[in-house]
Every structure is written in structure tokens, then in C-alpha cells.
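*Asks:* Got a sequence here, can you build the structure:
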Amino acid sequence: MAKLRAILFDVDDTLYSTTEFAELARSSGVREMIRLGLKMEHEEVMRELREVIAEFSSNYEYHFDKLLLRMSPETYAGVNPAILVAGAVIAYHETKARQLQPLPDVREALEKLSKTDLTLGVITMGPQVKQAEKILRLGLMEYLDPGAIFISDQIGIGKPNVKLFMKACRQLAIWPLEAMYVGDNPPNDI
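*Replies:* Sure thing, here's the model as predicted:
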């Protein structure tokens with residue numbers, strides 16, 4: 001039996017609750033749009049925003065822009081739409097800066113594992129800077145090997161394509177049987 005040499009983690013909904021956090025951050029953005037002059041009810045805007053996200057993916061960069069394109073111009077009459085979008089983006093990122101936290105026990109588990117001879121890293125799906133920012137904001141880099149961070153957009157292979165896992169193993173100079181992957185959704189992860 002092969003000896004375990006590396007543990008690689010998914011980021012979203014594994015190291016932190018993506019779903020819970022994203023809803024909170026998006027809601028902050030919508031509240032700011034309303035504060036800046038969007039004349040709509042919060043829940044109505046959130047429903048439309050969820051639809052935008054479903055259509056364009058959660059990693060799409062222009063959710064708030066697309067959201068305004070769907071709104072009647074009367075709902076933001078007298079306010080430059082760029083101000084509404086910028087306000088939403090700022091509120092989203094400020095929420096990210098304040099609220100992004102690892103799931104309970106993640107930090108403790110990584111701290112214990114980091115004291116072993118295991119290589120600890122990440123295999124994650126998404127835009128490279130966005131995923132790297134999450135790792136840094138979560139404060140987890142101190143436990144991870146900087147050479148063991150594998151981001152799909154940076155590599156050109158998406159999950160669940162096994163080639164992503166295989167490439168990570170090759171770069172770490174280990175056999176696949178010597179690595180473990182921890183994720184939240186097996187059909188979508190590997």
C-alpha cells in the first residue's frame with residue numbers, strides 16, 4: 001500500500017461555506033444599490049440577481065452590471081448606473097474582507113496536518129486571482145505549500161477532469177495513490 005504524501009483540498013464549500021458567504025456578500029451589494037438610489041425592494045432585486053447568477057455562473061464578473069440591464073431605467077432614474085454597480089461591488093468586497101472565514105475546525109485540522117511530513121495544497125475550480133484571493137483572505141496559506149496550489153483556470157483543465165488531479169500529482173512528484181483529495185461534491189470534484 002502506498003504511503004500518503006499529500007492532501008489536496010477543494011476551496012469552495014470545503015474550506016469555507018461558499019453558498020452562505022456568497023448570499024451574504026451579494027445581499028450587501030444589493031442593499032448598497034438601494035441605498036444609492038435603486039428604487040426596488042431588496043428581495044425583488046435578490047431574486048433577479050439569483051437568476052443572473054444561474055444564467056451566467058457564479059464566477060461571472062459582471063453580475064451587478066447584468067442585473068441593471070434587466071431593470072427598467074425608471075428604477076434608477078437620476079443615478080448613474082456605474083455608481084450603483086460600483087457601490088454593489090465595493091459592498092460585496094467589503095463583506096468579503098470582513099466575513100470570509102474558514103469553516104469550523106478547518107484551521108485546527110490544517111494546523112495539525114501541517115506539523116506532519118504531508119504536503120498540503122489545493123485543487124480548485126475558478127478564476128485564478130479570485131480563488132487565490134479566497135485562500136489568502138481565509139488566512140490559510142501558512143498551512144499550505146505554495147507549490148501545491150492548483151487552480152483550474154491557471155492550468156487549463158477543469159474539474160472533474162481527472163487530468164487536473166494527475167497534473168497536480170506530477171508537479172508534486174508523487175503517484176496518485178500517494179495523494180488524497182478532500183472536497184464537498186465527489187461527482188463535481190474528481
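*Asks:* Name the nearest residue to residue 34, sequence neighbours excluded.
*Replies:* Among residues not flanking residue 34 along the chain, residue 42 sits closest, at 6.3 Å (C-beta to C-beta, 6 or more residues apart in numbering). Where C-beta positions appear, they are placed from N, C-alpha and C, glycine not excepted.
*Asks:* for residue 17, what are its contacts?
*Replies:* Neighbouring residues of residue 17 by C-beta atoms under 8 Å, 6 or more residues apart in numbering: residue 103.
*Asks:* how about the strands in the chain?
*Replies:* For the chain, the strands defined by DSSP state E cover 6-9, 119-124, 149-151, 179-182.
*Asks:* which of those is buried the deepest?
*Replies:* Most buried of the strands of the chain by mean neighbour count (mean count of other C-beta atoms under 10 Å) is strand 119-124; its value is a mean of 23.
*Asks:* Just name whatever secondary elements that strand is in contact with.
*Replies:* strand 6-9, helix 106-114, helix 128-137, strand 149-151, helix 162-171 (3 or more C-beta pairs under 8 Å, 6 or more residues apart in numbering; DSSP states H and E).
*Asks:* Give the pairing partners of it; include direction for each.
*Replies:* When pairs are called by DSSP bridges, strand 119-124 turns out to pair with strand 6-9 (parallel), strand 149-151 (parallel).
*Asks:* would you turn the ones you listed into JSON lines with distance to residue 103 and mean pLDDT?
*Replies:* Below are these laid out as JSON lines (distance: least, C-beta to C-beta, whole Å; pLDDT from 0 to 100):
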{"stretch": "strand 6-9", "distance to residue 103": "11", "mean pLDDT": "98"}
{"stretch": "strand 149-151", "distance to residue 103": "19", "mean pLDDT": "97"}
